[in-house]
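> here is a sequence with its predicted model. Questions after.
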Amino acid sequence: MDIVVSGSTGLVGSALCRHLMDAGHQVRRLVRPNSLTNPNKAPLGTTIQWDPDAGTIDAAQLEGCDAVINLAGESIVGYWSINKKYRILDSRVDGTALLANTLPKLITPPKLLLNASATGFYGNRKDETLDEDSQSGGGFLAEVCRRWEAAAKPAADTGIRVAFLRLGMVLSPLGGALKSMLPAYKLGFGGPVGHGRQYWPWISINDTVGAIAYLAERDDTRGAYNLVAPQTVTSDQFAQALGKVLHRPTVCRVPETWLTLLADGLADELLLSSQRAVPRRLTEAGFAFEHADLADALRALAA
């Protein structure tokens, strides 16, 4: 297949591009103009320029692609100032809208738009089991996800199959939550976050890119998919599993009061929020997880 990928320099995007090319697919990467001049950001391979902030894209270079995988968006990590929250929202909505309005105008539009989203769509739902038919919840990230997914509507309205990748916490030693946890855990200072009863939806980086590629290759991919492992775990259980893999104690609980000092709901929505999401549609589609068990995933990624 000929696949266009945005967000190709991020944790998931860079791993996905390597996975797709190893599988024999041709990959073209959507990149911003500054990525072409910064040697630390410049991706390898064929590139297509776009600038979602300016609403511009080299549409002619999209001709002939079979699928577009849109992973672009401002990192949610960092101090949630008002400007940061606007960047989180706008980077996702503007990029998706630009693609959704451009692709139908091509002479040969792609058959599929795979658009990133997140399990934040469901909000804080305690121990409620959440599949793709569950309603959206409250909070900033839920609103971001709703508007992110809604921005793809113009593509769906013209017959392009649109699917949403509701990603959980992607586990990789190269970035994301696991990388930030490892130093403290290896020193013996790891432990649960807050009360520890909140569910953390997780998925290994291997299964993340494997699932995205699997869905891209199918001719019936459409709608929302929870990209999470089938095993649901709480913050307590996650800490115990990571400590056991690293042979370290996990008695240093991070108090909820400390976390609430973080700006504008960052802790509430990222660390204390509970989403017991399950991959019902991904499983029904026949995807086989490499890491269905958290301990197995952590041994492969963190030990």
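Happy to help now that I have it.
> any weak-confidence spans in the protein?
35-45, 261-265 (pLDDT under 70).
> those helices in it, which residues are they?
With DSSP state H as the criterion, the chain has helices at 11-22, 33-37, 82-102, 140-150, 153-157, 176-186, 205-217, 235-246, 256-259, 266-270, 280-284, 294-301.
> what residues of the last one count as buried?
Neighbour-count burial for helix 294-301, with 16 or more other C-beta atoms under 10 Å as criterion, is recorded at 294-298, 300-301. From N, CA and C alone the C-beta is placed, and that goes for glycine too.
> same check on the fifth one?
When burial is assessed from 16+ other C-beta under 10 Å, helix 153-157 yields the following buried residues: 154-156.
> how far does it sit from the chain's center?
21 Å (C-alpha atoms, centre = their mean, to the nearest Å).
> C-alpha coordinates for it, CSV please?
Backbone C-alpha positions of helix 153-157 (Å, rounded to 0.1, in the frame of the first residue of the first chain) are rendered in CSV as follows:
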residue,chain,number,x,y,z
LYS,A,153,-16.8,14.4,9.1
PRO,A,154,-16.2,16.0,5.6
ALA,A,155,-14.2,13.0,4.6
ALA,A,156,-16.8,10.5,5.8
ASP,A,157,-19.6,12.5,4.1
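> okay, now residue 9: neighbour count?
Residue 9: 19 surrounding residues under other C-beta atoms under 10 Å.
> also residue 55?
Per other C-beta under 10 Å, the neighbour tally for residue 55 reads 12.
> go on, residue 22?
Neighbours of residue 22 under the rule other C-beta under 10 Å: 9.
> separation between it and residue 30?
Separation of residue 22 from residue 30 (C-beta to C-beta, to the nearest Å): 20 Å.
> before we move on, what about residue 97?
Residue 97 sits 14 Å away from residue 30, going by C-beta to C-beta.
> for residue 119, same thing?
Counting by C-beta to C-beta - residue 119 and residue 30 are separated by 24 Å.
> out of the two, which sits in the more crowded spot?
Taking other C-beta under 10 Å, residue 119 and residue 30 do not tie; residue 30 has more neighbours (30 against 27).
> quick one: neighbours of the residue nearest to that one when sequence neighbours are not counted, just the number.
Once flanking residues are discounted, residue 30 sits nearest to residue 6: 4.0 Å by C-beta to C-beta, 6 or more residues apart in numbering. Residues near residue 6, counting by other C-beta under 10 Å, number 27.
> residue contacts, residue 6?
By C-beta atoms under 8 Å, 6 or more residues apart in numbering, residue 6 lies in contact with 13, 29-30, 50, 68-72, 95, 99.
> got those residues as JSON lines, with distance to residue 267 columns?
Shown next, in JSON lines, are those (distance: C-beta to C-beta, whole Å):
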{"residue": "13", "distance to residue 267": "26"}
{"residue": "29", "distance to residue 267": "34"}
{"residue": "30", "distance to residue 267": "32"}
{"residue": "50", "distance to residue 267": "33"}
{"residue": "68", "distance to residue 267": "34"}
{"residue": "69", "distance to residue 267": "31"}
{"residue": "70", "distance to residue 267": "28"}
{"residue": "71", "distance to residue 267": "25"}
{"residue": "72", "distance to residue 267": "25"}
{"residue": "95", "distance to residue 267": "27"}
{"residue": "99", "distance to residue 267": "32"}
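> out of those, which are buried?
Neighbour counting by 16+ other C-beta under 10 Å classes 13, 29-30, 50, 68-72, 95, 99 among those as buried.
> could I get the contacting residues of residue 260?
Residue 260 neighbours (C-beta under 8 Å, 6+ apart): 267-268.
> tell me, how many residues neighbour residue 279?
Neighbourhood size, residue 279 [other C-beta under 10 Å]: 25.
> over to residue 251?
The burial count for residue 251: 12, using other C-beta under 10 Å.
> surely it meets residue 189?
No: using C-beta atoms under 8 Å, residue 251 makes no contact with residue 189, being 9.0 Å away.
> how far away is residue 167 from residue 11?
For residue 167, the distance to residue 11 - C-beta to C-beta - is 11 Å.
> over to residue 195?
28 Å.
> do the same with residue 67
Plainly put, residue 67 is 21 Å away from residue 11 if you go by C-beta to C-beta.
> show me which of those two is the more surrounded one.
Set residue 67 next to residue 11 and count neighbours by other C-beta under 10 Å: residue 67 wins out with 23 against 18.
> identify the bridge partners of the residue nearest to residue 199 when sequence neighbours are not counted.
Spatial nearest neighbour of residue 199, excluding adjacent residues (C-beta to C-beta, 6+ apart): residue 276 at 4.1 Å. Residue 276 has the following beta-bridge partners by DSSP bridges: residue 129.
> alright, that wraps it up for me.
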